[in-house]
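# Any chance you could fold what I've pasted below:
(one chain, ligands or ions: 1)
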Amino acid sequence: MPTWKDVRADFPILHQQVNGKPLVYLDNGATSQKPRAVIDALVKYYERDNSNVHRGLHALSMRATDAYEGARARIAKFLNAADSSEIIFTRGTTESINIVARSWAHAHLKPGDVVLTTEMEHHSNLVPWQQAAKASGATLKYVPVLGTNAEGGLDLASLDTLLTPQVKLFAFTHISNTLGTINPVAELCRRARAVGAVTVIDAAQSIGHAPLDVQELGCDFLAFSGHKMCGPTGIGVLYGRRALLDKLAPDETGGGMVVNVTYQGATWKPAPERFEAGTPNIAGAIGLGVACDYLDGLDRAKIREHDDGLARIAYDKLSALPDIRVLGPKGDRGGLVSFAFPDVHAHDVVTFADEDGLALRGGHHCNQPLMRKLGLTSTTRASFYVYNTAEEIDVLVASMRRTLKFFRG
Ligand code: 7TS
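Numbering: from 1, shown residues only. The predicted structure is shown next:
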């Protein structure tokens, strides 16, 4: 396993120049880079083991099945799930949340019920609830975000009035992809449970950056994407508490998830197969298992310290720039910082930064309602990961100064 000092050597993609400058990759909130171990696992699978899972009795199929199910067990351990049957492989966070919104919400929501979410959600944890509310006649409510730059986090006091027994489901993000806010998710789960509401945690921005224990958090469902945690694209996870999964109807039907099919009907396998119709992303799941090994090898507590530490340094250095609005909390934050200048559009900032070899993201970050609330159309975001350094923050700040000089003279 790598030590911190040679982490950069594990990521082949980092060692290149962009526009004649060393690549400074600060777009990890969108997707992380992949270590050699994950890339090698994908190649090895396709070169030696490729076969369909669960359906064959030949050697390759058994190897592929063992590796696929081994990855599920590995991910269960990564989350401290009670059982690997609580791990459903999906395409990513978006699909995971949609499964809950369609399967659970379809069966449980009725007019008069409330679905609670927050004002800081990614569209993936917002639009599916709007759709579920529309389809069922339930009402969607939002926990407000406090402060002109959302520096106050969630208005926890509002939960006293919002969290009523009418709330059937409470969905919230662990770390905001635009603000960097770390929400007190264990407390939110506890309070939701007290009124009998089911909880859904969007862990897209936290899973690869900190230790996470679903039993300690006390959540019912948790969603994340492999590609933001050193894993491949096209693979993600829906964790669901066994007791809930057993009662859920499948969202998609087809091969692999049935026990018995007649011309008249079909019966379902238990979770997780019930929710994995069709040929799954076998290579992706195997790669994700290896990504878990890689992150545990680095020590997830140390990753949190490193990534959040870089974000605090960036917050302080960027705050010194004239007329900048830096969003989110001043103190503890996840590993990202987003900011706006009143007179320079984020797309211009990102385009200028690209000339300096920087990969940043500019836009609404799939947080349109939050942007509107804050009176913004877009921000520029720098998001950090295990291979980023304090020196790269200096490159970022120098690039911002160059951009401001160009636009402001
Ligand atoms: N939830 C959060 C908090 C996210 O940050 C993202 C992706 C998603 C859900 C959706 O994940 P997906 O893998 O299913 O697409 N966020 C971002 C981002 O901030 N920039 O690009 C993607």
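
# Please count neighbours and contacts with C-alpha atoms only from this point.
Fine.

# Please identify the residues of the stretch 251-400 of the chain in proximity to the ligand?
Selection of the stretch 251-400 of the chain residues close to the ligand by CA under 6 Å from any ligand atom yields His365.

# Skip the chain neighbours and tell me the closest residue to the one residue in the stretch 251-400 of the chain that gets nearest to the ligand.
Closest contact between the stretch 251-400 of the chain and the ligand, by CA to the nearest ligand atom, is at His365 (5.1 Å). Distances taken as CA to CA, 6 or more residues apart in numbering place Thr178 nearest to His365, at 6.5 Å, with adjacent residues excluded.

# which residues touch the one you found?
327, 336-338, 365, 367, 381 (CA atoms under 8 Å, 6 or more residues apart in numbering).

# just to revisit the earlier point, can I take it that the residue of the stretch 251-400 of the chain closest to the ligand is in a strand?
No - looking at His365 with DSSP: H, G, I helix; E, B strand; the rest coil, it is coil, so not inside a strand.

# Now do the helices in the stretch 101-250 of the chain.
105-108, 127-136, 159-162, 185-194, 214-217, 242-245 (DSSP state H, counting those that start in this stretch).

# buried sites along the third one?
Taking 16 or more other CA atoms under 10 Å as the basis for neighbour counts, the residues of helix 159-162 that come out buried are 159, 162.

# next one: the last one
With burial defined by 16+ other CA under 10 Å, the residues of helix 242-245 counted as buried are 242, 245.

# For that helix, the averaged confidence score.
The average pLDDT within helix 242-245 is 95.

# Also the fourth one?
Taken as a whole, helix 185-194 has an average pLDDT of 98.

# Could I get the buried residue list for that helix?
So, applying 16+ other CA under 10 Å, buried residues of helix 185-194: 185-186, 188-193.

# from those residues, which single one is nearest the ligand?
Val185 (13.4 Å).

# all strands for the stretch 51-200 of the chain, in order.
Assigned by DSSP state E, counting those that start in this stretch, the strands in the stretch 51-200 of the chain fall at 87-90, 114-118, 139-143, 145-146, 153-154, 167-173, 198-202.

# How about the first one and the ligand, any contact?
Going back to what we said before, that points to strand 87-90. No - Strand 87-90 is not in contact with the ligand by CA under 6 Å from any ligand atom; minimum separation 9.5 Å.

# Now find how far off-centre that strand is within its chain.
A distance of 14 Å separates the centroid of the chain from that of strand 87-90, by CA atoms, centre = their mean, to the nearest Å.

# What residues does the stretch 1-150 of the chain have near the ligand?
For the stretch 1-150 of the chain, the residues in contact with the ligand under the definition CA under 6 Å from any ligand atom are 29-30, 92-94, 122, 124.

# let's see it at 8 Å
27, 29-31, 91-96, 121-125 (CA under 8 Å from any ligand atom).

# outside of stretch 45-64, which residues touch it?
65, 68, 256, 279, 282-283.

# could you redo the last one with a cut-off of 7 Å?
65, 283 (CA atoms under 7 Å, 6 or more residues apart in numbering).

# chain center to that stretch: distance?
Distance, centroid of stretch 45-64 to centroid of chain: 30 Å (CA atoms, centre = their mean).

# Report the central residue of this protein.
Ala204 (0.8 Å; CA atoms, centre = their mean).

# Surely that residue and Thr93 touch.
Yes - in this structure Ala204 lies within contact range of Thr93 using CA atoms under 7 Å: 6.4 Å.

# shared neighbours of those two, anything?
With CA under 7 Å, 6+ apart as the test, Ala204 and Thr93 both reach 223-225.

# May I have the residues that are in contact with Ala346?
Here Ala346 is in contact with 340, 362-363, 378-380 (CA under 7 Å, 6+ apart).

# about what we covered before: as TSV, the buried residues of helix 185-194 with distance to the ligand would be great.
Formatted as TSV, these follow (distance: CA to the nearest ligand atom, whole Å):
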residue	distance to the ligand
Val185	13
Ala186	17
Leu188	16
Cys189	17
Arg190	21
Arg191	21
Ala192	20
Arg193	22
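
# Are any of the contacts of Thr178 buried, and if so which?
327, 336-338, 365, 367, 381.

# Please convert those to CSV, extending it with distance to Arg72 and secondary structure.
Formatted as CSV, the buried ones among the contacts of Thr178 follow (distance: CA to CA, whole Å; DSSP: H, G, I helix; E, B strand; the rest coil):
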residue, distance to Arg72, secondary structure
Leu327, 37, coil
Leu336, 29, strand
Val337, 33, strand
Ser338, 34, strand
His365, 30, coil
Asn367, 31, coil
Arg381, 33, strand
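
# need the strands for the stretch 251-400 of the chain, in chain order.
258-261, 266-268, 325-326, 336-340, 358-359, 361-363, 379-383.

# Reformat these as a markdown table; add distance to Leu212 and mean pLDDT.
Below are those laid out as a markdown table (distance: least, CA to CA, whole Å; pLDDT from 0 to 100):
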| stretch | distance to Leu212 | mean pLDDT |
| --- | --- | --- |
| strand 258-261 | 32 | 96 |
| strand 266-268 | 31 | 97 |
| strand 325-326 | 27 | 98 |
| strand 336-340 | 18 | 98 |
| strand 358-359 | 28 | 98 |
| strand 361-363 | 26 | 97 |
| strand 379-383 | 20 | 98 |
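
# So for Leu23, which of those sits nearest?
Of all the strands of the stretch 251-400 of the chain, strand 358-359 sits nearest to Leu23, with 6.1 Å by CA to CA.

# Cheers, nothing more for now.
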